[in-house]
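Visitor: 3D model of this:
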Amino acid sequence: MPLPVAAIVFVLIGLLVGFGVLAVLPEYYPMARGLTVGTALVSAQLSGLITRYALNTVTPVVCVVLTVLCTGLLVSVLARPDQAARHGSHRRHRSA
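Guide: Below is the predicted model of the structure:
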(Lines give C-alpha, C1' and ligand atoms only; values in the text may rest on other atoms or scores of the structure.)
Protein backbone atom coordinates (compact mmCIF):
# COMPACT_ATOMS: atom_id res chain seq x y z
CA MET A 1 0.00 0.00 0.00
CA PRO A 2 1.56 3.37 -1.00
CA LEU A 3 2.22 5.90 1.73
CA PRO A 4 -0.45 8.47 0.66
CA VAL A 5 -3.12 5.77 0.66
CA ALA A 6 -1.92 4.50 4.03
CA ALA A 7 -2.04 8.03 5.46
CA ILE A 8 -5.66 8.42 4.34
CA VAL A 9 -6.55 5.04 5.85
CA PHE A 10 -4.92 6.06 9.13
CA VAL A 11 -6.86 9.34 9.19
CA LEU A 12 -10.10 7.43 8.63
CA ILE A 13 -9.20 5.04 11.44
CA GLY A 14 -8.55 7.98 13.75
CA LEU A 15 -11.86 9.62 12.90
CA LEU A 16 -13.78 6.38 13.33
CA VAL A 17 -12.18 5.61 16.69
CA GLY A 18 -12.54 9.17 17.97
CA PHE A 19 -16.17 9.66 17.04
CA GLY A 20 -17.00 6.04 17.87
CA VAL A 21 -15.73 6.39 21.41
CA LEU A 22 -17.68 9.62 21.86
CA ALA A 23 -20.84 7.95 20.55
CA VAL A 24 -20.55 4.79 22.65
CA LEU A 25 -19.11 6.12 25.93
CA PRO A 26 -19.68 9.90 26.10
CA GLU A 27 -19.76 9.92 29.91
CA TYR A 28 -16.17 8.63 30.05
CA TYR A 29 -14.89 11.62 28.05
CA PRO A 30 -16.10 14.80 29.80
CA MET A 31 -13.41 16.99 28.23
CA ALA A 32 -13.80 18.77 24.90
CA ARG A 33 -14.70 16.53 21.99
CA GLY A 34 -11.92 18.05 19.92
CA LEU A 35 -9.34 16.73 22.36
CA THR A 36 -10.63 13.18 22.04
CA VAL A 37 -10.91 13.27 18.24
CA GLY A 38 -7.55 15.05 17.90
CA THR A 39 -5.88 12.46 20.11
CA ALA A 40 -7.40 9.69 18.01
CA LEU A 41 -6.18 11.32 14.77
CA VAL A 42 -2.63 11.85 16.00
CA SER A 43 -2.38 8.42 17.60
CA ALA A 44 -3.70 6.73 14.44
CA GLN A 45 -1.15 8.53 12.28
CA LEU A 46 1.78 7.80 14.60
CA SER A 47 0.89 4.21 15.40
CA GLY A 48 0.07 3.52 11.76
CA LEU A 49 3.37 4.85 10.49
CA ILE A 50 5.37 3.10 13.20
CA THR A 51 3.56 -0.17 12.54
CA ARG A 52 4.00 0.23 8.79
CA TYR A 53 7.75 0.75 9.05
CA ALA A 54 8.38 -1.75 11.84
CA LEU A 55 6.46 -4.57 10.12
CA ASN A 56 7.40 -3.82 6.54
CA THR A 57 6.93 -7.36 5.25
CA VAL A 58 3.54 -7.94 6.89
CA THR A 59 0.32 -7.57 4.92
CA PRO A 60 -1.59 -4.26 5.07
CA VAL A 61 -4.47 -5.93 6.91
CA VAL A 62 -2.22 -6.67 9.88
CA CYS A 63 -0.96 -3.08 9.84
CA VAL A 64 -4.52 -1.71 9.87
CA VAL A 65 -5.62 -4.03 12.69
CA LEU A 66 -2.61 -3.08 14.82
CA THR A 67 -3.26 0.60 14.11
CA VAL A 68 -6.86 0.28 15.30
CA LEU A 69 -5.72 -1.49 18.48
CA CYS A 70 -3.01 1.06 19.24
CA THR A 71 -5.34 3.97 18.55
CA GLY A 72 -7.99 2.55 20.84
CA LEU A 73 -5.45 2.02 23.60
CA LEU A 74 -4.04 5.53 23.31
CA VAL A 75 -7.49 7.15 23.27
CA SER A 76 -8.49 5.14 26.34
CA VAL A 77 -5.83 7.04 28.30
CA LEU A 78 -8.18 10.05 28.22
CA ALA A 79 -11.10 8.11 29.73
CA ARG A 80 -12.35 9.28 33.13
CA PRO A 81 -14.48 6.45 34.56
CA ASP A 82 -14.29 8.02 38.04
CA GLN A 83 -16.24 11.05 36.80
CA ALA A 84 -18.64 8.86 34.84
CA ALA A 85 -19.47 6.93 38.00
CA ARG A 86 -20.20 10.18 39.81
CA HIS A 87 -22.24 11.88 37.11
CA GLY A 88 -23.25 9.22 34.60
CA SER A 89 -25.73 6.43 34.39
CA HIS A 90 -23.42 3.90 36.04
CA ARG A 91 -24.23 5.17 39.52
CA ARG A 92 -25.81 2.57 41.77
CA HIS A 93 -28.48 3.49 44.24
CA ARG A 94 -28.49 1.78 47.59
CA SER A 95 -31.74 0.86 49.18
CA ALA A 96 -32.05 1.88 52.80
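Visitor: where does Val58 sit: helix, strand or coil?
Guide: Following DSSP: H, G, I helix; E, B strand; the rest coil, we place Val58 in the coil state.
Visitor: Arg33 and Leu41: what is the separation?
Guide: 12 Å (Cβ to Cβ, to the nearest Å). Heads up, the C-betas are built off the backbone N, CA and C, glycines and all.
Visitor: what of Leu69?
Guide: Counting by Cβ to Cβ, the gap from Leu69 to Leu41 is 16 Å.
Visitor: so which residue is smack in the middle of this structure?
Guide: Gly72 (3.5 Å; Cα atoms, centre = their mean).
Visitor: pLDDT score for the closest residue to Leu74 other than its chain neighbours?
Guide: What sits nearest to Leu74 in space, not counting adjacent residues and going by Cβ to Cβ, 6 or more residues apart in numbering, is Ser43, at 3.8 Å. Predicted confidence (pLDDT) for Ser43: 96.
Visitor: one more: Val77?
Guide: At Val77, the pLDDT recorded in the model is 92.
Visitor: how about Gly18, nearest residue that isn't a chain neighbour?
Guide: Going by Cβ to Cβ, 6+ apart, Gly18 has Ala40 as its nearest residue, at 3.2 Å.
Visitor: check which helices and strands the helix or strand the one you found falls within sits against.
Guide: Assigned by DSSP states H and E, Ala40 belongs to helix 33-54. Contact here means 3 or more Cβ pairs under 8 Å, 6 or more residues apart in numbering; DSSP states H and E; on that basis helix 33-54 packs against helix 3-24, helix 60-75.
Visitor: which parts of the last one are buried?
Guide: It refers to helix 60-75. 63-64, 66-68, 70-72, 74-75 (16 or more other Cβ atoms under 10 Å).
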